[in-house]
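Peer 1: model this:
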Amino acid sequence: MTKTTKKMKAVYEKVNRDQFYTVDAAVKILKDATTARKFDETVELAVNLGIDPRHADQAVRGMFQLPHGTGASVRVAVFAKDDKAKEAKAAGADIVGAEDLAESIKKGEVDFDRCIATPDMMPLVGQLGKILGPKGLMPNPKLGTVTPDVAKAVEAAKGGSIEYRAEKAGIVHVGVGKSSFAEKALTENVTAFVKEILRVKPSGVKGTYMQKVTLTSTMGPGIKLDLALFTGGESKAA
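Peer 2: Predicted structure coming up:
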C-alpha cells in the first residue's frame, strides 16, 4: 500500500457513515482528505428532497449566487446584437453572436457552460432547443439567462452563480467550491446553498421536504450533514 493510499484510508476511517456532522466538521475532514492528493478537487453537495419533480407544483429549480463563488472557470456564450453584443463582450463573455453562433451550435460546437440571450434573440435560440435543452443550456427568463441586462447576467455567471435543478429522483447536485478554499469560505457556501433550497420549498410538497444532505469532494468520502442545523430541530451531530 502506498503512502498516499494509507493517507486516504485514514481519512475514510474518520468518517462514520451512520453519524451526522456539522458543516464545519465535514469541511475539515474533506480538506484533510485532499492533502493526500495533488489536484484541486471540487467540493460537491447533494440534497435529497421529498418531492416529485414531475409535478409542476413540486419543481425545485433556480439560480443562486454563492457567497464565495465556485472556483470554477465558466465559459459564457451570449446571443445578442449591436450594443447588447458590445455590452456582453465588455462584461467578459467568451462567445457573442447571433445567427453565426446558432450555426456553430447546429454543427455541434457547444464550447460553453452557460448560455445567455436578449429577449429579441429567443426566436432564433428557440430553434436550438433540441441541442441546448438536453445539455441544460437553454436560456430561461426565470433563471435570469433571458434578459436585456446581458452585462449583469455575464458578470453573475463569471462571479460564481450556479444553476440548480432537482433531478428525477428529487436530488439536487451542485458544486460549492474547491478544496483549496478556506474552511470558512466552504462552510459559508454550503450553509448559504442549503438555506436557499429551504427558501424555495414548493407549495405542493407533502411530508418531509429535506431528507438528507451529503457533502463530498471529487475523491473524498460522502459525509452526512446534520439537518437540524438548518431546520432548527434537535441536533444529531456528534
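Peer 1: tell me the contacts of the residue nearest the centre of the chain?
Peer 2: Residue closest to the average C-alpha location in the chain (CA atoms, centre = their mean): residue 174, at 3.4 Å. Counting by CB atoms under 8 Å, 6 or more residues apart in numbering, residue 174 touches 44, 45, 162, 164, 193. Glycine gets a C-beta too; all of them are placed from N, C-alpha and C.
Peer 1: Return the subset of these lying in helices.
Peer 2: Among those, the ones falling in helices (DSSP state H) are residue 193.
Peer 1: Can you add distance to residue 116, pLDDT and neighbour count and give the contacts of residue 174 back as a markdown table?
Peer 2: A markdown table is the format used below for these (distance: CB to CB, whole Å; pLDDT from 0 to 100; neighbours: other CB atoms under 10 Å):
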| residue | distance to residue 116 | pLDDT | neighbour count |
| --- | --- | --- | --- |
| 44 | 25 | 95 | 18 |
| 45 | 25 | 96 | 21 |
| 162 | 15 | 90 | 22 |
| 164 | 17 | 93 | 19 |
| 193 | 22 | 96 | 21 |
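Peer 1: Looking at the contacts of residue 174, spot the one nearest residue 220.
Peer 2: Residue 220 lies nearest to residue 44 out of these, by CB to CB, at 9.1 Å.
Peer 1: All the strands of the chain, in order from the start?
Peer 2: Applying DSSP state E to the chain gives strands spanning 42-49, 61-65, 76-79, 95-97, 114-117, 161-165, 171-178, 210-217, 223-224.
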